[in-house]
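Enquirer: Curious how this folds, go ahead:
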Amino acid sequence: MLHRRHVLQLLVAAGLLPARSFADVAPQRSEIRPSLAKRFTDDGTSGTFVGYKVEDYLVIASDTERSGEGRLPASTFKIANSLIALETGVVEDPDKDVFKWDGVKRWNEAWNKDHTLRSAIAVSAFPVYQEIARRIGPERMQKFVDLLEYGNRDIGGGIDQFWVSGALRIDPVQQVDFVDRLRRGTLPVSKRSQDLVRDIMPVTKVGDATIHAKTGLTDRDHGSLAWLVGWVDKGDQPTVFALNMDCPEPRHVADRMTLTQGCLTEIGAI
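Expert: Just a heads-up that it's a prediction; the model follows:
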């Protein structure tokens, strides 16, 4: 295992990167592609993309700065929250355990119904995951956020909102590290929990590639920041990625998948 500083030096020649980054052996090559950054400016916004081509041990990033900046994870934390729910027994079966709708009408109609864990992650049902977090509780949540080495590990700001408006921060490089450990099943939680979370991750098909990814979006008061993090399976050539971008206009929220697919196409992942 390399020291975290050594691995980030490989990626951006400066800064920090989490331990056990991307794989049990560190990436052997790295590349900064300004053409990836240009995709964001051409779309009238700012953002960053980091991709890890697993079989090539190659990290490709759009920049050397924003790729290492910690930000609120928003709904991308639902990946970790799902793992913790399963590990603690708050959820035993992602298809049978039902979270009853509380009857409060919210802006997203898809949230105004009963949900299982699988259906909740599919529509990113915030109220369900707030209830999950409350049932987990601060002590167990902190224990597992530390165990997973998730971002800055700070759950301050309220047990049911720390990932959307509190103190938790994670950068794109850390997102790739976390997602890759989930993809490989090497997180320090049970195999069952990791298998189930991989299974419930939302899927998008693009030709002969399958994108497993979770969205995230902060509200306007917290920067209107959009995320898309996950991995691509194409034959035996997996690629792990993280994208975040500012959303000055509503159209940019939908653009995150378009931009992600464009970046993945450019680096030969799809």
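
Enquirer: my guess is residue 144 contacts residue 86, does it?
Expert: No. Taking contacts as CB atoms under 8 Å, residue 144 lies outside contact range of residue 86: 10.5 Å. From N, CA and C alone the C-beta is placed, and that goes for glycine too.

Enquirer: if you count what's nearby, which of these two comes out ahead?
Expert: Taking other CB atoms under 10 Å, residue 144 and residue 86 do not tie; residue 86 has more neighbours (24 against 21).

Enquirer: Distance check, the more buried one against residue 196.
Expert: Distance, residue 86 to residue 196, using CB to CB, to the nearest Å: 6 Å.

Enquirer: Now for the two: what residues contact both?
Expert: Here residue 86 and residue 196 have residue 94 as joint contacts, going by CB atoms under 8 Å, 6 or more residues apart in numbering.

Enquirer: Residue 71: what's it in contact with?
Expert: For residue 71, the contact set (CB under 8 Å, 6+ apart) comprises 169, 170, 171, 223, 225, 244.

Enquirer: mind checking how far it is from residue 163?
Expert: 11 Å.

Enquirer: same deal with residue 219?
Expert: Counting by CB to CB, the gap from residue 219 to residue 163 is 12 Å.

Enquirer: So these two - more neighbours on which side?
Expert: Ranked by neighbour count (other CB under 10 Å), residue 219 and residue 163 place residue 163 first, with 31 against 12.

Enquirer: residue contacts, that one?
Expert: Shown in contact with residue 163 (CB under 8 Å, 6+ apart): 72, 73, 74, 75, 77, 81.

Enquirer: contacting residues around the third one?
Expert: For residue 74, the contacting residues are 163, 164, 216, 217, 218, 225, 227, by CB under 8 Å, 6+ apart.

Enquirer: quick one: which helix or strand includes the third one?
Expert: If I follow you right, that is residue 216. Residue 216 belongs to strand 209-217 when assigned by DSSP states H and E.

Enquirer: Packing partners of that strand?
Expert: In terms of contacts (3 or more CB pairs under 8 Å, 6 or more residues apart in numbering; DSSP states H and E), strand 209-217 is packed against strand 203-206, strand 225-233, helix 251-266.

Enquirer: now that strand and helix 251-266, what's the angle there?
Expert: With axes from the mean of the first three to the mean of the last three CA atoms, to 10 degrees defining the directions, strand 209-217 sits at 150 degrees from helix 251-266.

Enquirer: Now strand 209-217: buried residues?
Expert: Within strand 209-217, the residues that count as buried by 16 or more other CB atoms under 10 Å are 209, 211, 212, 213, 214, 215, 216, 217.

Enquirer: Show me what the fifth one is bridged to.
Expert: Right, the one you point to is residue 214. Residues in a beta bridge with residue 214, per DSSP bridges, are residue 229.

Enquirer: oh, and call the first residue 11 from now on, that's how I've got it
Expert: In the new count, where the first residue is 11, that last one comes out as residue 224.

Enquirer: Pretty sure residue 86 is one of the things it touches, is it not?
Expert: Yes. Assessed by CB under 8 Å, residue 224 is found in contact with residue 86 at 5.2 Å.

Enquirer: anything in contact with each of these two?
Expert: Taking CB under 8 Å, 6+ apart as the criterion, residue 224 and residue 86 both touch 237, 239.

Enquirer: pLDDT at the residue lying farthest from the centre of the chain, what is it?
Expert: Distance to the chain centre peaks in the chain at residue 113, reaching 29.3 Å (criterion: CA atoms, centre = their mean). Residue 113 carries a pLDDT value of 97.
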